[in-house]
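J.: Just the structure for this:
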Amino acid sequence: MPLLVAEFLPREKYRIFLESYHPYLFTHYTCCFKKENKDKYSLLKITETPFYKYETIKAKPGFIKTNHKQMDQSFFNFLTETISIDTEGWKELYIKETEAYIFIDLFVSRNYSQLSDIELCYYYYFKTTQTAATEIRDHLHEVYFDESLSEKQRKIKIRKYQHKLIYYIAILEKTYLKKDIHTYSFIKEMPQVYKCIHTALDSLIIYMEECCSPYLDDTVSISYEQRIRFINTYYDRSKHLLHLFKAQRLPKDIEKELCKPLLKIQWDDLYPFSYKQRSYYRTYIDLFIRLLTKQETPNHDEIYRLLIALNFNTHNIGKAMSHELITRLDHFDTEQQKQVYLYKQLARVESVPVTAETRYRPEFPGLKGYIINFIRQQIEVSYQTLEIEQWNGKKASGSDIDVREVVDSKVVKRRVNLSIPEIALLGRLFSEIKVINIKDNKQQYFKFLSQIYTSRDNTDISEHSIKNAFYSSSDTTLENVERVLIRMLNTLQKLKASASR
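T.: Below is the predicted model:
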């Protein structure tokens, strides 16, 4: 590499090395030309496969074998000027023409003495890197199936290869390739040499992804070529998803945040871009396209559920979803209505499974936990607001709830289908949520409960038994009362449904 950087090109060394493998250079060009207008063309793409086996030549579907005498003269002149290779070395030529493009398959044979120093350098590094890549693949294969290694040892060995390859690829991208990485030309220059080395190293990374993915470090950045490949694959899908998001009429802050990852793809702004991020982006795009295309107007809550499942935990999306919740609460007239809505939303959010393997922003807390904490804060605020309203109402009327002792001997105790501990727990719940204000009159409250009820097991309830059960509840009692409350809520929902008919 130091000699290459200094552009010291030992021609004789390159020639002897190449001739030891191949007596002459047989190479294959695949080209795409665009028809600009009459008699004018431009080269869109070129791919070269050096050291091609002449015996394996087969025409591709739609291609016709031709020669320079049968070709359009203006295109032939453009082709010879672009290729800069003597037509005597053209072995076979295949052409496919459409209304807008011309595709060429050209097979060329050349003597090494005809090559420039840079061309010899290019083919030297092409051959050495391909040979080294084959050896590394074989060694990785051995490591992967070596039963004498523990899983930890296997991971360490494979990751060493991964980190070294990514390090060298990063050097090539940053120092040598720069903007010349995607220039297409038949003429060999130093950027093409660096790109040749880069391609061989990148092919090894791709091989490791396919064969050794469980052992790779997914926090490191992928190569430039793989970023470009990802962008090319998801460019149209991300553009389609942008239109789908805009059609949902979401709150502007949420729509803006959802579109940010997609705009990064559109603007080629994905650096750094790790394996983990690439996996997240793929899942994000695929799942949202599936959701937004299965029905024309999905409920906004379905979009929010998917955001929580994907753990799309940006600071702005957390703020925007919190603001959306507060906006919805403003539509309710009473604190009780707000509390019912908040409890429903809390149950819905808690039921959403977080399926993403990683958070979109690993440094931020998870979106689900953030939303749950915010809803609970709003519930607490609602209860405090309601308590203040009730206190102000009592203060204005000058009244308070009195605890009166039942002394009428004609009062008939009512039997309830509950045990004594369950009666005491329900009584405590009423006092905890301030339905009944017992303050310093707890003893009278216990006496009141014992004087008006009989349990399903006892006709007489003592004040002492209520007091004991009031302060201590078993797991069985808690579960039984929870079932009673759930039945009450279900019944309330039915009553509300029947009242609205």
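J.: what about the stretch 51-200 of the chain, any weak spots by pLDDT?
T.: By pLDDT under 70, the weakly predicted segments of the stretch 51-200 of the chain are 54-56, 177-185.
J.: can you map out the helices along it?
T.: 73-83, 117-144, 151-171, 190-212 (DSSP state H, counting those that start in this stretch).
J.: Among those, which comes closest to Gln390?
T.: Between Gln390 and these, the shortest separation by Cβ to Cβ is 62.2 Å, and it involves helix 151-171. Any C-beta I mention is one placed from the backbone N, CA and C, and that applies to glycine too.
J.: Tell me which other helices or strands the closest one touches.
T.: Packed against helix 151-171 by the contact rule (3 or more Cβ pairs under 8 Å, 6 or more residues apart in numbering; DSSP states H and E) you find helix 117-144, helix 190-212.
J.: on that earlier part again, quick check: which of the helices of the stretch 51-200 of the chain is buried the most?
T.: Per-stretch averages of neighbours, counted by mean count of other Cβ atoms under 10 Å, single out helix 190-212 among these, with a mean of 19.
J.: what's the angle between that one and helix 117-144?
T.: Note on geometry: by axes from the mean of the first three to the mean of the last three Cα atoms, to 10 degrees, helix 190-212 and helix 117-144 are set 10 degrees apart in direction.
J.: what residues does helix 190-212 touch?
T.: For helix 190-212, the external contacting residues (Cβ atoms under 8 Å, 6 or more residues apart in numbering) are 4, 7, 118, 121-122, 125-126, 129-130, 132-133, 136-137, 140-141, 144, 158, 161-162, 165-166, 168-169, 172-173, 176-178, 180-181, 183, 185, 216, 222-223, 225-226, 275.
J.: what's the following helix or strand after it?
T.: Past helix 190-212, further along toward the C-terminus, the next helix or strand under DSSP states H and E is helix 224-247.
J.: circling back to that earlier point, got TSV for the helices of the stretch 51-200 of the chain, with distance to Ser431 too?
T.: Listed next are those as TSV, based on distance: least, Cβ to Cβ, whole Å:
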stretch	distance to Ser431
helix 73-83	90
helix 117-144	66
helix 151-171	58
helix 190-212	62
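J.: To Arg361, which of those helices lies closest?
T.: Using Cβ to Cβ, the helices of the stretch 51-200 of the chain put helix 151-171 closest to Arg361, at 22.7 Å.
J.: what is the orientation angle of the closest one with helix 117-144?
T.: Using the same axes, to 10 degrees: helix 151-171 against helix 117-144 is 170 degrees.
J.: Could you export helix 151-171 as CSV, CA atoms only?
T.: C-alpha atoms of helix 151-171 as CSV (Å, rounded to 0.1, in the frame of the first residue of the first chain):
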residue,chain,number,x,y,z
GLU,A,151,-18.7,-19.8,20.8
LYS,A,152,-16.8,-17.0,22.5
GLN,A,153,-13.6,-17.9,20.8
ARG,A,154,-15.4,-18.2,17.4
LYS,A,155,-16.9,-14.7,17.9
ILE,A,156,-13.6,-13.1,18.8
LYS,A,157,-11.8,-14.6,15.7
ILE,A,158,-14.6,-13.6,13.3
ARG,A,159,-15.0,-10.1,14.7
LYS,A,160,-11.2,-9.5,14.3
TYR,A,161,-11.6,-10.1,10.6
GLN,A,162,-14.7,-7.9,10.5
HIS,A,163,-13.1,-5.0,12.3
LYS,A,164,-9.9,-5.1,10.2
LEU,A,165,-11.8,-5.2,7.0
ILE,A,166,-14.0,-2.3,8.0
TYR,A,167,-11.0,-0.4,9.1
TYR,A,168,-9.2,-0.8,5.7
ILE,A,169,-12.4,-0.1,3.8
ALA,A,170,-12.9,3.1,5.8
ILE,A,171,-9.3,4.2,4.9
